[in-house]
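Engineer: sequence? don't have it. structure:
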């Protein structure tokens, strides 16, 4: 005899649930849809927070400005004619900014709407809304700002000292640096009658420091210190007692950058014995060993080095023949989009000549560049990161990074010497460890960071011989 099945809880004899869905509308009801035109300047906002947990209690202050061009849609309305931005600094450590980000392809043609439904009257009102993206950026602490201001003052004083008592070669290098650092005064603005033209604030600070920092009887050591301070390289800790203290990671990477780098994908790939492919020979040959050692700080440093190498390879030749030009923001993000806009723009703000304008302009029209000084500064930072992150204990084979940056032997040796490294041929143990044949080792040179540091010295001009 077959056992009779029990009815499920809440079902009637016909098998249908006894309770109807609350949103089900009775048959025959008509919903009236109406559109509210966006005639007011302030409209609703649809904001997304990619990879972010935004505290809901923080107040956001709105800002608006006139849109330069109608890139989102056609027609005349406040949404197409103006841009909105939301910002808050109420968080103790992070600034939050929400702004419109127009993407390429079909993304720029999308429109967003917000609907309000009244169940009593059966009316649905639709209104066009703005699409914003909310992002956060770590705020520099007061201590960091004070240190940067102090370093800028010291650098200005030493530069003035070099201009006053340096050699012709060193003066020419410092003058080129000063031209790049101080923006020229705007022409066409005559000064008042009987008064001197107003100096740029940076120029005024340099000139005022020259009178203070130019004592008589300057020694050769002081001149060498002034030249070293103006060189395009990370500032070394000359009082370091170990190579690891010469270039701290926080200085090479920058404050707050390590927190933005995610390395879980690399750790999972190494754990499952999967191959990790990158666009860098240097990183690809060392990634397995560094990730296997499990030092997260070291893994993030290696990933930041990969970002700098990929960013460097995106640079275009400069029209003037010196330095490089940064591609427009859309092209840069299309190639480096996996890193996130904040990290990619942060590299430009740190190393470019006028990089503060990178996040404000989608098309820089070739105005954002790396002149010779800034380009050298970027490469010396990459070299210092190679020495720091290499598992070989503050020495590295320069062959891989030379191939990544497409440099010749003379240039790559010069950059490693500028950060205090000694250039030597690989020893027999190093050749055996790296699997290099004797003939192959001729194209490989090793940069070693050892104490005491050795930097290129200033060449004194020879005194002309008198007539006989």
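Structural biologist: The structure has been received and is ready for your questions. All figures in this text were calculated on a predicted structure; none of them were measured in a lab.

Engineer: packing partners for the host helix or strand of residue 289?
Structural biologist: Taking DSSP states H and E as the criterion, residue 289 maps to helix 287-293. Here helix 287-293 touches helix 264-271, helix 296-313, going by 3 or more CB pairs under 8 Å, 6 or more residues apart in numbering; DSSP states H and E. (Glycine included, C-beta is placed from N, CA and C.)

Engineer: got the contact list for it?
Structural biologist: 263, 266-267, 270, 276, 278, 298-299, 302, 389, 391 (CB atoms under 8 Å, 6 or more residues apart in numbering).

Engineer: let's go with 6 Å and repeat that
Structural biologist: With CB atoms under 6 Å, 6 or more residues apart in numbering as the test, helix 287-293 has contacts from 266, 270, 276, 298-299, 302, 391.

Engineer: out of those, who has the most neighbours?
Structural biologist: residue 302 (26 neighbours; other CB atoms under 10 Å).

Engineer: give me every residue that touches that residue.
Structural biologist: Per CB under 6 Å, 6+ apart, neighbours of residue 302: 290, 389.

Engineer: please apply the same query to the one 4 residues further on.
Structural biologist: Shown here is residue 306, whose contacts under the criterion CB under 6 Å, 6+ apart are 278, 280, 283.

Engineer: again, but for residue 420
Structural biologist: By CB under 6 Å, 6+ apart, the neighbours of residue 420 are 236, 453, 455.

Engineer: run through the strands of the stretch 201-350 of the chain in chain order.
Structural biologist: Assigned by DSSP state E, counting those that start in this stretch, the stretch 201-350 of the chain shows strands spanning 316-317, 324-325.

Engineer: which one of the ones you listed is the most hemmed in?
Structural biologist: Ranked by mean neighbour count, the strands of the stretch 201-350 of the chain are led by strand 324-325 with a mean of 18 (mean count of other CB atoms under 10 Å).

Engineer: pLDDT of that one, averaged?
Structural biologist: Model confidence over strand 324-325, given as mean pLDDT, is 84.

Engineer: circling back: mind putting the strands of the stretch 201-350 of the chain in JSON lines, distance to residue 437 included?
Structural biologist: Output for the strands of the stretch 201-350 of the chain, formatted as JSON lines (distance: least, CB to CB, whole Å):
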{"stretch": "strand 316-317", "distance to residue 437": "36"}
{"stretch": "strand 324-325", "distance to residue 437": "36"}
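
Engineer: can you measure across stretch 235-254, start residue to end residue?
Structural biologist: The first residue of stretch 235-254 is 13 Å away from its last residue (CA to CA, to the nearest Å).

Engineer: cool, stretch 287-298 as well?
Structural biologist: Per CA to CA, stretch 287-298 runs 10 Å from first to last residue.

Engineer: avg pLDDT for that stretch?
Structural biologist: On average, stretch 287-298 scores 90.

Engineer: where does pLDDT dip in the stretch 251-400 of the chain?
Structural biologist: 255, 320-321, 354-368 (pLDDT under 70).

Engineer: one more time with 50, if that's ok
Structural biologist: 361, 363, 365-366 (pLDDT under 50).

Engineer: just the helices in it please.
Structural biologist: 257-260, 264-271, 281-284, 287-293, 296-313, 329-336, 341-351, 372-389, 398-405 (DSSP state H, counting those that start in this stretch).

Engineer: who wins for proximity to residue 114 among the ones you listed?
Structural biologist: For residue 114, the closest of the helices of the stretch 251-400 of the chain is helix 341-351, at 25.9 Å, according to CB to CB.

Engineer: in that closest one, which residues are buried?
Structural biologist: For helix 341-351, the neighbour count (16 or more other CB atoms under 10 Å) marks 341, 343-348, 351 as buried.

Engineer: longest strand in this structure, by residue count?
Structural biologist: In the chain, taking DSSP state E as the definition, the longest strand is strand 123-138.

Engineer: what segments of the stretch 51-200 of the chain are helices?
Structural biologist: 78-81, 142-165, 168-181.

Engineer: contact partners for residue 233?
Structural biologist: Neighbouring residues of residue 233 by CB under 6 Å, 6+ apart: 380, 418-419.

Engineer: can you check residue 241 too?
Structural biologist: No contacts exist for residue 241 under CB under 6 Å, 6+ apart.

Engineer: what is the burial count for residue 382?
Structural biologist: 20.

Engineer: next: residue 280.
Structural biologist: Residue 280: 22 neighbours (other CB under 10 Å).

Engineer: for residue 314, see how far away it is.
Structural biologist: 13 Å (CB to CB, to the nearest Å).
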